[in-house]
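J.: Sequence plus the predicted model coming up.
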Amino acid sequence: MIRKVFRSRRGKPFHPKIDAFLQKHRVPKEYLSVNRKMVSRALLIGLFIAVIPMPFQMLAVMAVTPFVRFNVPIALAMCWLSNPFTMPPMYYLEYLTGCKLLGIEPLHDLQISVEWFQNRLGDIFLPLYAGTFFYAFTIAPAAYFLSNWLWVRSVRKERNAKKAE
């Protein structure tokens, strides 16, 4: 898994240019470390923010960094899951889920235009964010626990293979 890819880096310094950049901008090296906790937290935070319909999702990830230690590049990559191609179906699914949760009938005269969204923002806002919070609080923790479980399982499998030898 990814752990095996980065295992050879353990204890070795980064590329001199990366080290110089980190020292110049006083970025802690923990933000680039690859271990179970850092990767799991990155998946949690990145996916949580990725499903929220808001601009500047990557800045939101960066705003969390002083409070929680996680692998920042992985969290930023998770934000890219909501891109211009995936946003419309993702947000529509969140809207439909929010309508279902709130018991509201979804709008059927959907149009992809700025005017339509400006006129219907009041109608779609509450169901959209209800569905958003449902997915943010289910998908992100599920990814966190799944990555933790897969990582631990991988380590145990490797240890058992070494013991068998």
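T.: Here it is on my side, so go on.

J.: CA only for contacts and neighbour counts going forward, please
T.: Fine.

J.: Which single helix of this protein contains the most residues?
T.: When the chain is scanned for its longest helix (criterion: DSSP state H), the result is helix 114-164.

J.: helix or strand for I112, which one?
T.: For I112, there is no host helix or strand (DSSP states H and E).

J.: any idea how far it lies from P89?
T.: Distance, I112 to P89, using Cα to Cα, to the nearest Å: 12 Å.

J.: Could you do R156 as well?
T.: With distances taken as Cα to Cα, R156 is found 38 Å from P89.

J.: end-to-end on stretch 53-69?
T.: For stretch 53-69, the first-to-last residue distance is 24 Å (Cα to Cα).

J.: Centre of the chain to that stretch, how far?
T.: Its chain's average C-alpha position is 10 Å from that of stretch 53-69, according to Cα atoms, centre = their mean, to the nearest Å.

J.: can you check stretch 155-165 too?
T.: Remark: stretch 155-165 is offset 31 Å from the chain centroid, using Cα atoms, centre = their mean.

J.: Repeat that for stretch 41-55.
T.: Averaging C-alpha positions (Cα atoms, centre = their mean) puts stretch 41-55 4 Å from its chain's average.

J.: ok, now stretch 28-38?
T.: Relative to its chain's centre, stretch 28-38 lies at 15 Å (Cα atoms, centre = their mean).

J.: Show me the contact partners of it.
T.: Here stretch 28-38 makes contact (Cα atoms under 8 Å, 6 or more residues apart in numbering) with R3, F6, L22, R69, F70, N71, V72, P73, S147, N148, W151.

J.: now swap in stretch 58-67 and tell me
T.: With contacts defined as Cα under 8 Å, 6+ apart, stretch 58-67 is touched by I45, G46, I49, V72, A75, L76, C79.

J.: so what does the stretch of helix or strand A75 belongs to touch, helix or strand wise?
T.: Here A75, judged by DSSP H and E, is contained in helix 72-79. Applying 3 or more Cα pairs under 8 Å, 6 or more residues apart in numbering; DSSP states H and E, one finds that helix 72-79 makes contact with helix 36-50, helix 57-64.
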